[in-house]
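> turn this into a structure:
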Amino acid sequence: MESTEPSCADVLATLWKSLDRNPGPEHPLLNQQPPPPPFTSLLFHILFTPTEGHPNPSLLREAEAIPTTHLYPLGITHTKSGSFIPVVWPAGQRWRTQHGMPYRPLYLALTPCAEGPETDASVSSLCSTTCPVGWHRIDGVPVPPWAGADVLDAVILDCRSRGAAEGPWILALLERYPEEERGWVRLGEWARSREWSKGVVGAFHAAILRCGDEKRRSKYEKHIIEAASQTEWSVWTSTERAELERVGSRVVEEELKSPWAIKVPEVLEQRTVETRTQQFVPMGTTRWWKLPRFFSWIVSFRLAGMSTPKSAEDINALQTLGVTQVLTLTVEQPLPREWFGLQIENTFIPTKNLFPPTVQQMDRAIRLIVEETERGGATLVHCGGGKGRAGTVLACYIALFGLSSPEGGTPPKMAPRTAMELLRNMRPGSIETEKQEKFVEKYVSLAWKRYGQGDPLYGNGGDIDEPVGLSLELTGDVSAPDVIALIGVQGSGKSTFSKMARLRNPKVVVVSPDEVVAEGDGMIGSATASKSCEDVVGRFRRSPCTMNGPDKLRRVLILDRCNATAEERKRWIALLTTRAKVIAIWFDYDPELCRARVESRPSHPTLPPWRSKSAIESVSKMLQPPSLTEGFNGIARVRSIDCARQLADQLFGAVQLQKFIRTRHLLDLGSATRDDLVLSPEDLTRCISQNVIVEEKVDGANLGISISASGELQVQNRSHYISSKDQAQFAPLPAWLERNAAALKTILTAEQGIPERYVLYGEWLVATHSIEYTHLPDWFMAFDLYDRLENRFLSRSQLEARLKGMGIPQVPVLYQGNLDDVDMLHSFLTRRSLFSPDELIEGVVVRFHGGGRGKVVRGDFVAGSRHWGKNEIRRNRVWREQALN
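Model prediction:
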């Protein structure tokens, strides 16, 4: 809080009285202690010096009207030249300037003073005086405790007028009054005088946030625009970091490092970023993160370019900058899905190095940028170095829309060569090959053609709506097949159907040359892959006839190839050495839809996106629809994803509920029941000295959350699906699911067509079982993510990556390292629960390297036996509920 400032007359009277305590022996005149003159008379002595002569009466009358509200005498100075009271009076200085008088320090002479070049009568002269108790020094000057923001601001202006150091006073004003608009204005003005562009931008940004006057905000914005041509929004170079550190103010550092919070003009003077310039993003108030090379905004907080992100931390830094979408063009280096979440998405548009994208890919990239801009988000486009492929996309955008957000119904803003030259001025080295240059010219020409036809400048990116409302067509007998031949062009959904089948029946064997190439990590050629698949077909044996029941899992062989001609299909089926029931599934889709799928899928071992058009056209021309005359027992015609899912259910049954596995007790300390599994002493011995992760075992109801075939969230408890009506403890479940639906679907969704693939397991902690939790982060706490397709649990680190930024808490780690001995397991059980400080933990779950796990439960722990179907439950407490109370 600002101290109450006494009136100027009170201050002068106080200073005058202080003379008898510190008269200055070298000035006998002071020892006479004359009574203080009238206040108005003092003002004239402050405004005018004897050398300026006595002002005329009219000037004196004008001077009497000068406001004295902000006239501040700050102390008494004794010098060889005389004794005086330095005064800071901005209104008085302005009055002198308006009347043609030169600037001079204002003071009240207490003795005859000789003004001269060596006489310092300014506030700085107080540096040599004693600092009274309760006062403090700013730049060496004693400052009284009542000196508020007005006083400090007046001194700043005085220092500026006489060319003295104003920085310490500005920092003092900001440290004491960080929410005062003028402090940030003074900092911005000071930064302008020093050509510190980052300081100008940050200080006036802070001033705008504290300003309610539109005219002043507009003025501050002009200063920001002027300085922004010399610096990058929210990104700091090493030099800019050093400048900030030299300021030496925690308040200034925190404010200038805070995220941008106001709308800024998009069209700014061009900036140039050099490839090797190191750039940093402030991550909070104490840490900096170095960005990958070559980051720069093309459209302020809407579109940027960069080289390839190297880590999840890079993505976090981009998110801090306001980036909400990352377009990845590096066919050689897709970004891990785990790096992204609800707040920032990734789209893979695989493009060969030194080549441009296809027209469809460019349409898709431009459409995604435009749509993200309309949502208020920002897009980062990257390739390996941020120059060639990324530069091609950025140049096309600039040609269509300039350096601003897109406007509908307008023609392209620039000629392709102009756009490329502009981009190269901003990002030297952009667009690396002649192929990329010619593509920009071709794409802009296409945009003009579209404009002339009244169409948008960009296409839909090849995105074609998936067919709906089509029925599954069956010919012959498709029931209980031994072998299934998939038929269709690339991108028609054959591999997706194979995954649907494996998800429903783990005994399904998929023969796919593409998969063999992928598993060989590029070391296996197509011919070798085909030979390997032929061997698998030759060795296949059908299940016995006794395995034909509806609930029995039968061995089924799926030939996942294009199988375009009857001759091809005949050759592969002839490889079978056993009598088998063979059916064909024909995936009959529009080739353009298949091409759109291929060009947007993350990766493919044998068909890169730039070859998709010719490859699909070639197979489409030769494709022969299957016929029963080829020897098939039955044929299914699939024309939509819904049809494929319906057929998978018909052939293999619906996806079954996946009950959570039983976890073995590493030690039986007395809590294991007769049905529990306990590790043998020999197996326990083998566990010692392994690297482990130890988690707290929380006491709740085991839940599994998954997505149904129709895309709805479904929840299971042990071996059955549940609803809020089943038990009282599940009553809050619908509201919790609704609040977290987007996050859960992001965590559980792997790829189109198989939404049921993952199950997220965790503890539902609404009801108190045996331990009363008082500090829960939420009602649900995740501990495992199961992949039904691969029949495995993801590692803890993989689950952490999926959960990051989603708002779904994970059970905590108590220890990570070497398991020394059995005593170490016992020691964990003496800990207090992280969610109930007064209670011991239930136990721990120990995860071993390689995926194994076990649990240790306290010997005196008794699982809650209350019937939760009754409405009489005792609720645990979520910490945020307490914080709100």
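
> then Met101 would be within a helix, right?
No - counting by DSSP: H, G, I helix; E, B strand; the rest coil, Met101 falls outside a helix, being coil.

> tell me the confidence at it?
Met101 is assigned a pLDDT of 86 by the prediction.

> check the one 4 residues further on too.
As summarised for this prediction, Pro105 has a pLDDT of 88.

> which residues touch stretch 727-744?
Outside stretch 727-744, the residues that touch it by C-beta atoms under 8 Å, 6 or more residues apart in numbering are 341-342, 701, 705, 713, 715, 717, 722-724, 760, 764, 766-767, 778-780, 806-808, 868-873. No exception for glycine: its C-beta is placed from N, CA and C like everyone else's.

> centre of the chain to the helix ranked longest in the chain, how far?
Ranked by number of residues, the top helix in the chain under DSSP state H is helix 434-452. Computed by C-alpha atoms, centre = their mean, to the nearest Å, the chain-centroid distance of helix 434-452 equals 33 Å.

> now do stretch 329-349
Relative to its parent chain, stretch 329-349 has a centroid offset of 12 Å by C-alpha atoms, centre = their mean.

> repeat that for stretch 218-237.
23 Å.

> follow-up on the earlier one: now intersect the contacts of stretch 727-744 with the helices, please.
Per DSSP H, the subset of the contacts of stretch 727-744 in helices is empty.

> mean confidence score for the longest helix of the chain?
For helix 434-452, the mean per-residue pLDDT is 97.

> which parts of that helix are buried?
Buried residues in helix 434-452, counting neighbours by 16 or more other C-beta atoms under 10 Å, are found at Gln436, Glu437, Phe439, Val440, Glu441, Tyr443, Val444, Leu446, Ala447, Arg450, Tyr451.

> where does the closest residue to Phe295 other than its chain neighbours land on pLDDT?
Excluding the flanking residues, the one nearest Phe295 by C-beta to C-beta, 6 or more residues apart in numbering is Met306, at 4.4 Å. Reported pLDDT at Met306 in the predicted model: 98.

> list the contacts of Arg853.
By C-beta under 8 Å, 6+ apart, the contact list for Arg853 reads Thr663, Arg664, Val845, Val846, Arg847.

> the last one against Val692, yeah?
If I follow you right, that is Arg847. Yes - using C-beta atoms under 8 Å, Arg847 is in contact with Val692, at 6.3 Å.

> tell me how this structure divides into domains.
As assigned by automatic domain parsing, the chain contains the domains 8-177, 292-452, 473-652, 681-884.

> which of the ones you listed sits closest to Pro467?
Nearest to Pro467, of all the domains of the chain, is domain 473-652, at 4.3 Å by C-beta to C-beta.

> buried ones in stretch 59-75, by neighbour count?
Buried-residue list, stretch 59-75, by 16+ other C-beta under 10 Å: Ala63, Thr68, His70, Leu71, Tyr72, Pro73, Leu74, Gly75.

> any idea how far the residue nearest to the fifth one when sequence neighbours are not counted lies from His78?
What it means is Tyr72. Spatial nearest neighbour of Tyr72, excluding adjacent residues (C-beta to C-beta, 6+ apart): Val88 at 4.6 Å. To His78, Val88 is 19 Å away according to C-beta to C-beta, to the nearest Å.

> sorry, back to before: could you point out which element follows the longest helix of the chain?
Counting by DSSP states H and E, the element after helix 434-452 in chain order, helix or strand, is strand 473-476.

> how about that following strand, which residues are buried there?
Thr475.

> do the same with stretch 850-865
So, applying 16+ other C-beta under 10 Å, buried residues of stretch 850-865: Arg853, Gly854, Lys855, Val856, Val857, Arg858, Phe861.

> just these now: which is nearest Met824?
For the buried residues of stretch 850-865, the nearest to Met824 is Val856 (10.2 Å; C-beta to C-beta).

> and the closest one, what pLDDT?
According to the prediction, Val856 has pLDDT 92.

> equivalent analysis for Arg276, please.
For Arg276, the pLDDT comes out at 85.

> again, but for Phe84
85.

> for it, which non-adjacent residue is spatially closest?
Excluding its sequence neighbours, the residue lying closest to Phe84 (C-beta to C-beta, 6+ apart) is Tyr107, at 4.3 Å.

> doesn't that neighbour fall inside a strand?
Yes - under three-state DSSP, Tyr107 sits within a strand.

> measure how buried it is and give me the count.
26 (other C-beta atoms under 10 Å).

> so where is the stretch 351-500 of the chain shaky, pLDDT-wise?
Across the stretch 351-500 of the chain, the ranges flagged by pLDDT under 70 are 462.

> strands of that one, residue ranges please.
Using DSSP state E, counting those that start in this stretch, the strands of the stretch 351-500 of the chain run over 379-382, 473-476, 483-487.

> rebuild the ones you listed as a markdown table, extending it with distance to Leu152.
A markdown table is the format used below for the strands of the stretch 351-500 of the chain (distance: least, C-beta to C-beta, whole Å):
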| stretch | distance to Leu152 |
| --- | --- |
| strand 379-382 | 42 |
| strand 473-476 | 83 |
| strand 483-487 | 78 |
